[in-house]
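A.B. asks: need a 3D model of the sequence below.
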Amino acid sequence: MATTFFAVASTYFMMFSVAGPIRLASCVRKAALAALLRPLPVLAALAIVAILWLAHVAFYPVSVFMPAAINFSFGMFAIAFGAHGALASGLAATGEDF
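C.D. replies: Presented below is the predicted three-dimensional model:
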C-alpha cells in the first residue's frame, strides 16, 4: 500500500515540479494531497505501463526494440496525461492552484 502511494505521489510530484517555480515543501504537500484525492487516473496509467512491459515479455523475439521505442514513450505519455488531468480537475475542486 505504501509503495503504491509513493508511486502515485512521485508521479504527481513530477508534474508539480515541472509546472513552475514552487517551493519543495509545497510541492511535496500538494503531491501527497493529489495522491490522496485522485489516485485512480495515475493507477490506470501505471497499469498501462505494466501491460506494455508484459507485452514486451510475451512477444520478446519480435519486440527487441519495444522497450526503448514504445514502452518508455507511451508509458511516460500515459503517466503524464493521467497525472495532469487529475491535477487540473482534482485540485480545482479543493481551491488549490496548479
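A.B. asks: which helix is the longest one in the protein?
C.D. replies: Longest helix in the chain, counting residues (DSSP state H): helix 72-94.
A.B. asks: gap between the spatially most distant residue from the centre of the chain and residue 18?
C.D. replies: The centre of the chain is farthest from one residue, residue 61, which by CA atoms, centre = their mean lies 29.1 Å away. The gap separating residue 61 from residue 18 is 37 Å, by CB to CB, to the nearest Å. C-beta: built from backbone N, CA, C; applies to glycine.
A.B. asks: could you do residue 8 as well?
C.D. replies: Counting by CB to CB - residue 8 and residue 18 are separated by 17 Å.
A.B. asks: flag every buried residue along stretch 75-85.
C.D. replies: For stretch 75-85, the neighbour count (16 or more other CB atoms under 10 Å) marks 75, 78, 79, 82, 83, 84 as buried.
A.B. asks: using PDB, list the CA coordinates for it.
C.D. replies: Extracted as PDB, the C-alpha positions of stretch 75-85 are listed here (Å, rounded to 0.1, in the frame of the first residue of the first chain):
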ATOM      1  CA  GLY A  75       4.400   4.900 -20.800                       C
ATOM      2  CA  MET A  76       5.500   8.400 -20.000                       C
ATOM      3  CA  PHE A  77       2.800   9.900 -22.100                       C
ATOM      4  CA  ALA A  78       0.200   7.900 -20.300                       C
ATOM      5  CA  ILE A  79       1.500   8.800 -16.900                       C
ATOM      6  CA  ALA A  80       2.000  12.500 -17.700                       C
ATOM      7  CA  PHE A  81      -1.500  12.900 -19.200                       C
ATOM      8  CA  GLY A  82      -3.200  10.900 -16.500                       C
ATOM      9  CA  ALA A  83      -1.500  13.000 -13.800                       C
ATOM     10  CA  HIS A  84      -2.000  16.300 -15.500                       C
ATOM     11  CA  GLY A  85      -5.700  15.700 -16.000                       C
END
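A.B. asks: other residues contacting that stretch?
C.D. replies: 11, 12, 14, 15, 41, 42, 44, 45, 46, 48, 49, 52 (CB atoms under 8 Å, 6 or more residues apart in numbering).
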